[in-house]
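[1] dropping the sequence and predicted coords here.
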Amino acid sequence: MKKDLHSKISDKTAVIGIIGLGYVGLPLAVEFANNDFTVIGIDVNKARVDQLNRGDNYIGDVSDDNLKQLVSSKQISATTDFSALVNIDAVLICVPTPLNKLKDPDVSYILNVLDQLTKYVHVDMLISLESTTYPGTTRELILPALEQNDLTVGKDFYLCFSPERVDPGNEKYQIKNTPKIIGGITKECTEMGKMLYEAIIDTIVPVSSPEAAETVKLLENTFRSINIGLANEVAIMCEKLGVDVWEVIDAAATKPFGFMKFTPGPGLGGHCIPIDPHYLSWKMKTLNYRARFIELAGEINTGMPLHVLDLISRGLNQSQQSINGSKILVLGVAYKKDIDDVRESPALDVMTLLERGGAQVDYYDGYVPKIKWNDEDKHSQKKLSSETLRGYDAVVILTDHSNINYDLVKSESKLIIDTRNVFSGIKNPKIIRLGNSLSK
Ligand SMILES: NC(=O)c1ccc[n+]([C@@H]2O[C@H](COP(=O)([O-])OP(=O)(O)OC[C@H]3O[C@@H](n4cnc5c(N)ncnc54)[C@H](O)[C@@H]3O)[C@@H](O)[C@H]2O)c1
C-alpha cells in the first residue's frame, strides 16, 4: 500500500526538498539530513549546486565535516533541475525576498519558484514558504497558482508559512532550540507542517493562519529596527547632552523588568532588519495606512552612516585635517560581529560617503577577504600590523569582530572613531566613541 505523507514523516522516509540553498536553506537541509531524512536541494545557481555536491561548505553556521559526511553518504544532494520535485514529499522555499529600487517588496524569486512548482506539485505534497514576506503572500500569491492543478488544499496538498528565524553566528540559539512559528491555510496544513518541523525542532508554535505567521516575522524584525532606531537617536542625544550613551544603556539594562537592551551603531545591516519592515509598510500602504514608527526608525537608522562621517570629520578637524585627502582604514565591513556577511552592511555606506568626500579608503576584515566595489574587487588589508595602522590618518571601527587586536589598534592609530564601544569608558582625545560626550 502507498504510504501517506503522515506515515512518511513519522518513519522519516519523506524526501525533503529545499529550494534556495543560502544562509537559510543550507542549515535547514543539514538539520533534516542530520535527523535521517533524505534531502534534495534545488538552486538556480549552478556553481553553488556543484560546490554542495562536492561537499564543500560555504555557510558559516554549517560544519565543514558534517556537510562532507552528509554529501558522501548521499543524505544530501543538490540539483538545478526542478523536476526533482516529482520525488519530493515536503518542500521548503528559502529564496531571497529583497526590495526593488523603489524599496518595494520584490517577490520575483518566489514567483520564479512558483512557475516551476506548479508543474510538479502533486498529491500529498507539503509546501512551506520560509522566505520573509508581506502578509497575504501565501494565500494570495501561492495558493491560487497551486490550486490551478485541480488539487484541493488541506486535502490533496498542504500549504503553510513558517518564517525562518536563523541568527547567523549565534552559538546559543540554532535551528533545533529556536521555537518555530507555523500557520497553514487549513487546520490540516498546520498539523502536517507542525509534524514535519517537530522532527527537527524542539518547540513548534502554531498560529491560526499564514497571515498571522507572516505578520509575526515582520513584527519581530520591525521591533528590532525600531528599538535600534531608538538607541541610535539616544546616542545622538547623549552626544549633545555630554553623556555616555553606553553607560546609560548598560545602567538601564540592570532593570530586571520592562527594559530590553539595544545598542547604537553605524546603521542597520543584513538581509532582514533593514528590509523586512518595508514589507509591512508596503502592505499597509495598499490598505491606506502609513506605518509611521517604521518610517521614523528607517529615517534615523539610514542616517547613521552620515552621522559617522560627521564624527570622522570632527576627529580629523582636531589636527587641521579634512576627509578630503585623508587616508582612512575601516575596521570590519561585515554587518555584524564575527560573521562574513556584508549584505546591506552600513560599512559600505560609510565607505561610499568617505570616498565621495575625497578620502582614500581601505578596509581590514579577517572574515571578508574581498568585496565588490565599483564593479571591481576590493581586497582587505592582509595584516593589521603596527605599520598598517600607522599608515592611516584615521581608523574607523564599524564592526567589532573578536579577532582584532584592539590594544594594537589603540596604541598605533593616529585617530580612532569607535562606533561599537570597543573602547568602553576610555577617555582619550584620539578616540572618538559614537554616543559619547567626547564627540560633541
Ligand atoms: N539570512 C538570514 O539571516 C535570514 C534570517 C531569517 C529569514 N531570512 C529570509 O530567508 C530568505 C532567504 O534568505 P537567505 O539569507 O538564505 O538568502 P541567500 O541569498 O543566502 O540564499 C538564497 C538562495 O536562493 C537561490 N535562488 C534564488 N532564486 C531561486 C529560484 N528561483 N529557485 C531556486 N533557488 C533560487 C539563490 O541562488 C541562493 O542560493 C529571505 O526571504 C530572507 O529574508 C533570512
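    Good, I have the coordinates. Numbering: from 1, shown residues only.
[2] pull the number of nearby residues for the residue lying closest to residue 26 once chain neighbours are set aside.
    Once flanking residues are discounted, residue 26 sits nearest to residue 59: 4.7 Å by CB to CB, 6 or more residues apart in numbering. Every residue, glycine included, has its C-beta placed from N, CA and C. Neighbour count for residue 59, taken as other CB atoms under 10 Å: 21.
[3] with residue 290 instead?
    Applying other CB under 10 Å, we find 9 residues neighbouring residue 290.
[4] now the one 5 residues further on
    The local packing count at residue 295 equals 13, with neighbours defined by other CB under 10 Å.
[5] give me the number of residues near the residue of the chain at minimum distance from the ligand?
    Residue nearest to the ligand within the chain (CB to the nearest ligand atom): residue 22, separated by 1.8 Å. Residue 22 is flanked by 17 other residues according to other CB under 10 Å.
[6] got the contact list for it?
    Residues near residue 22 by CB atoms under 8 Å, 6 or more residues apart in numbering: 59, 94, 96.
[7] close to the ligand: what parts of the chain are there?
    Proximity of the chain to the ligand (CB under 6 Å from any ligand atom) is limited to residues 19-25, 42-45, 48, 94-97, 109, 112-113, 130-132, 164, 166, 168, 271-272.
[8] check which helices and strands the strand or helix carrying residue 283 sits against.
    For residue 283, the host element (DSSP states H and E) is helix 276-286. Judged by 3 or more CB pairs under 8 Å, 6 or more residues apart in numbering; DSSP states H and E, helix 276-286 is in contact with helix 210-241, helix 292-302.
[9] what's the angle between it and helix 292-302?
    Angle of helix 276-286 versus helix 292-302, following axes from the mean of the first three to the mean of the last three CA atoms, to 10 degrees, is 140 degrees.
[10] tell me how far helix 276-286 lies from the chain's centre.
    Centroid separation for helix 276-286 versus its chain: 18 Å, with CA atoms, centre = their mean, to the nearest Å.
[11] then stretch 132-146?
    22 Å.
[12] pull the residues that contact that stretch.
    97, 105, 107, 110-111, 114, 117-118, 121, 127, 129, 153, 157, 159-161, 163-164, 183, 185, 209-211, 214-215, 217-218, 221, 272, 275-276, 279-280, 282-283.
[13] buried among those residues? Make that a PyMOL selection.
    Selecting the buried subset of the contacts of stretch 132-146 in PyMOL, with 16 or more other CB atoms under 10 Å as the burial test, is done by:
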select buried, resi 97+105+107+110+114+117+121+127+129+153+157+159+160+161+163+164+183+185+209+210+211+214+215+217+218+221+272+275+276+279+280+282+283
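[14] count of neighbours near the closest residue to residue 402 other than its chain neighbours?
    Nearest residue to residue 402, sequence neighbours excluded (CB to CB, 6+ apart): residue 338, at 5.6 Å. Residue 338 has 18 neighbouring residues, counting by other CB under 10 Å.
[15] return the residues in contact with residue 338.
    When contacts are counted by CB under 8 Å, 6+ apart, residue 338 touches 169, 367, 401, 402, 403.
[16] for PyMOL, what selects the buried ones among the residues you listed?
    One line in PyMOL is enough to select the buried members of the contacts of residue 338, burial here meaning 16+ other CB under 10 Å:
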select buried, resi 367+401
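[17] from the contacts of residue 338, pick the one nearest residue 6.
    Distance ranking of the contacts of residue 338 against residue 6, using CB to CB, places residue 169 first at 36.2 Å.
[18] for the closest one, give me the pLDDT.
    On pLDDT, residue 169 comes in at 80.
[19] check the one 3 residues further on too.
    Among the per-residue scores, residue 172 holds a pLDDT of 92.
[20] okay, now it: neighbour count?
    Residue 172, neighbours per other CB under 10 Å, totals 7.
[21] which residues touch it?
    No contacts exist for residue 172 under CB under 8 Å, 6+ apart.
[22] let's see 10 Å
    Shown in contact with residue 172 (CB atoms under 10 Å, 6 or more residues apart in numbering): residue 178.
[23] kindly report the same for residue 84.
    Contacts for residue 84 (CB under 10 Å, 6+ apart) come out as 15, 17, 19, 40, 41, 42, 77, 78, 91, 120.
[24] and it, which of the three is it?
    Using DSSP: H, G, I helix; E, B strand; the rest coil, the structure places residue 84 in helix.
[25] can you pull the pLDDT of it?
    Confidence score, pLDDT, at residue 84: 98.
[26] just use 21 as the starting number from now, easier for me
    Sounds good: first residue 21 from here, last item residue 104.
[27] now the residues of the chain next to the ligand: which count as buried?
    For those, buried by 16+ other CB under 10 Å: 39-45, 62-64, 68, 114-117, 129, 133, 150-152, 184, 186, 188, 291-292.
[28] quick one: the residue nearest to residue 422 from residue 456, how far?
    Plainly put, residue 358 is 24 Å away from residue 456 if you go by CB to CB, to the nearest Å.
[29] now swap in residue 321 and tell me
    To residue 456, residue 321 is 19 Å away according to CB to CB.
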